[in-house]
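Novice: Provided below for reference: sequence and predicted model.
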Number of protein chains: 2
Amino acid sequence: MQTGLYLMKKLSITSPTKIVLLVIDGLGGLPHDNSGLTELETACTPNMDQLASLGNCGLLQTVGTGITPGSAPGHLGLFGYDPFVFTIGRGVLEALGIDFDLQPGDIAARGNFCTLDDAELISDRRAGRISTEEGKNLCRLLGGMEIDGVTVIVQAVKEHRLVAVFRGEGLNDELSDADPQQTGVPPKEVAALAPGAQRTARIVNRFLAQARERLATHHPANMILLRGFSKKPDFPTMADIYKLKATAIASYPMYRGLAKVIGMDVLKTGPTLTDELYTLEQNYNNYNFFFIHIKGADAAGEDGDFKRKVSVIEEADRALPRLLTLKPDVVVITGDHSTPAAMAAHSWHPVPCLLYSAWCRPDRLAKFSESACRQGGLGQIPATSLMPLAMAHGLKLTKFGA
Amino acid sequence: MQTGLYLMKKLSITSPTKIVLLVIDGLGGLPHDNSGLTELETACTPNMDQLASLGNCGLLQTVGTGITPGSAPGHLGLFGYDPFVFTIGRGVLEALGIDFDLQPGDIAARGNFCTLDDAELISDRRAGRISTEEGKNLCRLLGGMEIDGVTVIVQAVKEHRLVAVFRGEGLNDELSDADPQQTGVPPKEVAALAPGAQRTARIVNRFLAQARERLATHHPANMILLRGFSKKPDFPTMADIYKLKATAIASYPMYRGLAKVIGMDVLKTGPTLTDELYTLEQNYNNYNFFFIHIKGADAAGEDGDFKRKVSVIEEADRALPRLLTLKPDVVVITGDHSTPAAMAAHSWHPVPCLLYSAWCRPDRLAKFSESACRQGGLGQIPATSLMPLAMAHGLKLTKFGA
């Protein structure tokens, strides 16, 4: 086990103090050309600024210097799980993203509808991005096959995307991809990457052959490509490691799924931050760790919409007093990665982080911003160092050694 | 493979963006007694200062906290190769330093002419530092021996220094040194450190016995001492790891040799920075990674010449606009280690580093200096983190995880 988690497991104690981790997805940014200020620096955030003056700020390296994380590794890091050690397959992530209830033993694959030309070569990996509606219809055509005692469940995601789940005894996910991730070549045969995976490879290939037959007349979506065959991983839970009663308040399925993977309870909530705060209040007495997820900042960043990202951050700031009324012992505000509107994509830039507790040695910074965080008391640290800090400030860790 | 390189290999993509790494050898310094300013802080560097204000600064730990690196580990770190994992034998380094064309299977050793007294004990490990000319003559006396099918090539380096290369089938470099690195004792027999090295040990010892005979009358250089038996290492190349078309522009043989070891093309260039820039311009379209090496700052530091080191840095600054005219996507200016004139030697002090790209979250520092770098956005990072950052800012890395 990774040293950090081992230490947490060894030193953590059960205590009633409460930690709230507010993740503003994609929080970090880059300066706007006109003002020279980032999204966070542009936003009017009097409440966060006050908390920054009383607490500690710093910058998180979510995966590693220069590395741009996906959402899953970004979040795993915040929860203290080294994303190099704790990897989740693409198929499982896609299944989590549609709230699919993966069973132990199930193998999930991420799929695309694609177009094959007359020579059986891939001419479009996304089948002209067919509509979500059409994707759903075609998935119904493919679902429910039984091959050698294995049931194949096919669920539409968005547009050309789908999830295929193979359910049955003795399946092995050590399989190569069928998706060559390029055009002008045929789909690949799935190969067993371990001796124990040969039967599974045969089943998947038979499924793909039948899928080709059933889709033959449905040009442009006349075939599917599968990749990222994977089983739900068996990670230690937050309860195991931190002795926390942890819950996730997140409206997006992927984050709920991820939280489930590390044993968090996932609460039913509505789509807005106000809904999430209401859920927090209603459940405040039942947990001592709350992961609250705000998706809007990342979505705005991905759209290259600087202004909208600023207003999502301002909305979070306005919600802060309501959260603080509950008097949590530790409040952390950070992101899982940067999503600068200037790049319209996730990026490698370190993520501003604010930790407040009565036990902080305060930085007395004037503002919560990327530049201020560079001067903050947390320094520039790996995201996996965040949970030990939150636990410490919640007085949930005993001494190391005598 | 070291995690960092593994990640780079996994995430790097081919792209036309260009990275220029300008290494001012021995860049880091210590304050002058009179001014309290280091060499870099004393130098007038308006161009670097402007780049610092637009980009990111930081301090590099070239090998590890408190560790003073040699030139080879210092550079390997900058290229992302952990110097603890990727070690190069002393003999090979010496051979690289004289542009010797080591073949696979060759074993190189670093040698000294030395003086043996009448009792066959070493009285001077450097044979009174004989002239380079005399060294050359004596090397001719030793070269070309054939022992058990193995040819021994002996090349003079400078003064009492030489390189001995053993070329033949089935040689093994797991050998102990013949050089005891002290006086008053006899040269040591070379011993096999692995069962497979016994024949090689016998050959080397026979060579040394014959060398003693041939040199007997050439007091003070009446014997040689060999150490650092080593084969050219088989490192992954920059093309393997980073998918870069990389080239080295360096006038000193050691740095050219080192660059070759990791698969860089080495360009013919002249001895001055102006020559190196001309070479850069002439070859700018053929590569997307350029390592430019400036030796003068280290040489001046080693000589304890504060003023000269300042002027080498100023010369580099004056050359910067010409380099920037090429519009490289990423520019890095740093050193392979510190060589404070005050110490007249390499030192362990972290090395100032400046990274500029349009995708920097700018530090807005006023100057490129050791003190400013301490406030910079890169923080204080291992040198091996530099390449991931340069690659990220060149948009040459894909996302980690989904």
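Specialist: Thanks, I have the structure now. Residues are numbered from 1 along each chain as shown, chains lettered A, B, ... in the order given.

Novice: residue ranges for the helices of the stretch 101-250 of chain A, please.
Specialist: A:132-142, A:198-215, A:238-242 (DSSP state H, counting those that start in this stretch).

Novice: likewise the stretch 251-400 of chain A?
Specialist: According to DSSP H, counting those that start in this stretch, the helices that the stretch 251-400 of chain A contains are A:253-261, A:273-283, A:296-302, A:306-324, A:370-374, A:386-393.

Novice: Would you mark the buried spots in the last one?
Specialist: For helix A:386-393, a neighbour-count test (16 or more other Cβ atoms under 10 Å in any protein chain shown) marks A:386-391, A:393 as buried. From N, CA and C alone the C-beta is placed, and that goes for glycine too.

Novice: Ok, the second one next?
Specialist: Buried residues in helix A:273-283, defined by neighbour count with 16+ other Cβ under 10 Å: A:273, A:276-277, A:279-280, A:283.

Novice: average pLDDT across it?
Specialist: Per-residue pLDDT values over helix A:273-283 give a mean of 97.

Novice: and among the helices of the stretch 101-250 of chain A, the most buried is which?
Specialist: Among these, helix A:238-242 has the highest mean neighbour count (mean count of other Cβ atoms under 10 Å in any protein chain shown), at a mean of 22.

Novice: Can you check the distance spanned by stretch A:59-79, start to finish?
Specialist: Between the opening and closing residues of stretch A:59-79 we find a distance of 16 Å, counting by Cα to Cα, to the nearest Å.

Novice: Next: stretch A:210-224.
Specialist: Counting by Cα to Cα, the length from the leading to the trailing residue of stretch A:210-224 is 11 Å.

Novice: what residues does that stretch touch?
Specialist: Residues from elsewhere that reach stretch A:210-224, judged by Cβ atoms under 8 Å, 6 or more residues apart in numbering or on different chains: A:111-116, A:122, A:124, A:127-128, A:130, A:134-135, A:138, A:141-142, A:145, A:147, A:160, A:162, A:164, A:187, A:208.

Novice: 6 Å instead?
Specialist: A:111, A:113-116, A:127-128, A:130, A:138, A:141-142 (Cβ atoms under 6 Å, 6 or more residues apart in numbering or on different chains).

Novice: circling back: need the helices of the stretch 101-250 of chain A in CSV with mean pLDDT and distance to residue B:52, can you?
Specialist: CSV is the format used below for those (pLDDT from 0 to 100; distance: least, Cβ to Cβ, whole Å):
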stretch, mean pLDDT, distance to residue B:52
helix A:132-142, 95, 49
helix A:198-215, 97, 54
helix A:238-242, 97, 42
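
Novice: Select, out of the ones you listed, the one closest to residue A:353.
Specialist: Using Cβ to Cβ as the measure, helix A:238-242 is the one of the helices of the stretch 101-250 of chain A that comes nearest residue A:353, at 18.3 Å.

Novice: Send me that closest one as PDB with only the CA atoms.
Specialist: Below are the C-alpha coordinates for helix A:238-242, written out as PDB (Å, rounded to 0.1, in the frame of the first residue of the first chain):
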ATOM      1  CA  MET A 238     -12.400   5.800   3.000                       C
ATOM      2  CA  ALA A 239     -13.700   4.100   6.100                       C
ATOM      3  CA  ASP A 240     -10.800   1.600   6.000                       C
ATOM      4  CA  ILE A 241      -8.200   4.200   5.600                       C
ATOM      5  CA  TYR A 242      -9.400   7.300   7.400                       C
END
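
Novice: just checking, what packs against that helix?
Specialist: With contacts defined as 3 or more Cβ pairs under 6 Å, 6 or more residues apart in numbering or on different chains; DSSP states H and E, helix A:238-242 has these neighbours: helix A:3-11.

Novice: quick one: the closest residue to chain B within chain A and residue B:235, what's the gap?
Specialist: Of the residues in chain A, the one nearest chain B is residue A:66, at a distance of 3.2 Å by Cβ to the nearest Cβ. Counting by Cβ to Cβ, to the nearest Å, the gap from residue A:66 to residue B:235 is 21 Å.

Novice: more neighbours, those two?
Specialist: Under the neighbour definition other Cβ atoms under 10 Å in any protein chain shown, residue A:66 and residue B:235 were set side by side, and residue A:66 has more, 24 against 18.

Novice: doesn't residue A:350 make contact with that one?
Specialist: No - at 10.2 Å, residue A:66 and residue A:350 do not qualify as touching, with contact defined as Cβ atoms under 6 Å.

Novice: how many neighbours does the closest residue in space to residue A:169 that isn't next to it in sequence have?
Specialist: Using Cβ to Cβ, 6 or more residues apart in numbering or on different chains and skipping residues adjacent in sequence, the residue nearest residue A:169 is residue A:149, 6.7 Å away. Each residue near residue A:149 was counted by other Cβ under 10 Å, and the total is 10.

Novice: Likewise for residue A:351?
Specialist: Summarising burial for residue A:351: neighbours were counted as other Cβ under 10 Å, giving 29.

Novice: now residue A:398
Specialist: Residue A:398 has 9 neighbours, counted by other Cβ under 10 Å.

Novice: Settle this for me: it is touching residue A:12, isn't it.
Specialist: No - assessed by Cβ under 6 Å, residue A:398 is found out of contact with residue A:12, at 7.9 Å.

Novice: what about residue A:20, which helix or strand?
Specialist: In the assignment (DSSP states H and E), residue A:20 maps to strand A:19-24.

Novice: just the CA coordinates of whatever helix or strand comes next after that strand, formatted as CSV?
Specialist: Using DSSP H and E, the helix or strand that directly follows strand A:19-24 along the chain is helix A:39-42. The C-alpha atoms that make up helix A:39-42 are tabulated as CSV, following Å, rounded to 0.1, in the frame of the first residue of the first chain:
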residue,chain,number,x,y,z
GLU,A,39,-10.9,33.3,-13.7
LEU,A,40,-10.5,32.9,-9.9
GLU,A,41,-8.7,36.2,-9.7
THR,A,42,-11.4,37.9,-11.7
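
Novice: what angle do the top strand by length along chain A and helix A:198-215 make?
Specialist: In chain A, with assignment by DSSP state E, the single longest strand is strand A:107-116. Compare the direction of strand A:107-116 with that of helix A:198-215 by axes from the mean of the first three to the mean of the last three Cα atoms, to 10 degrees and you get 40 degrees.

Novice: Now do the same for strand A:107-116: mean pLDDT, whole number.
Specialist: Per-residue pLDDT values over strand A:107-116 give a mean of 96.

Novice: Could you pick out the residues of chain A near chain B for me?
Specialist: A:30, A:63, A:65-70, A:72-73, A:90, A:93, A:346, A:348-349, A:374, A:380 (Cβ under 6 Å from any Cβ of the partner chain).
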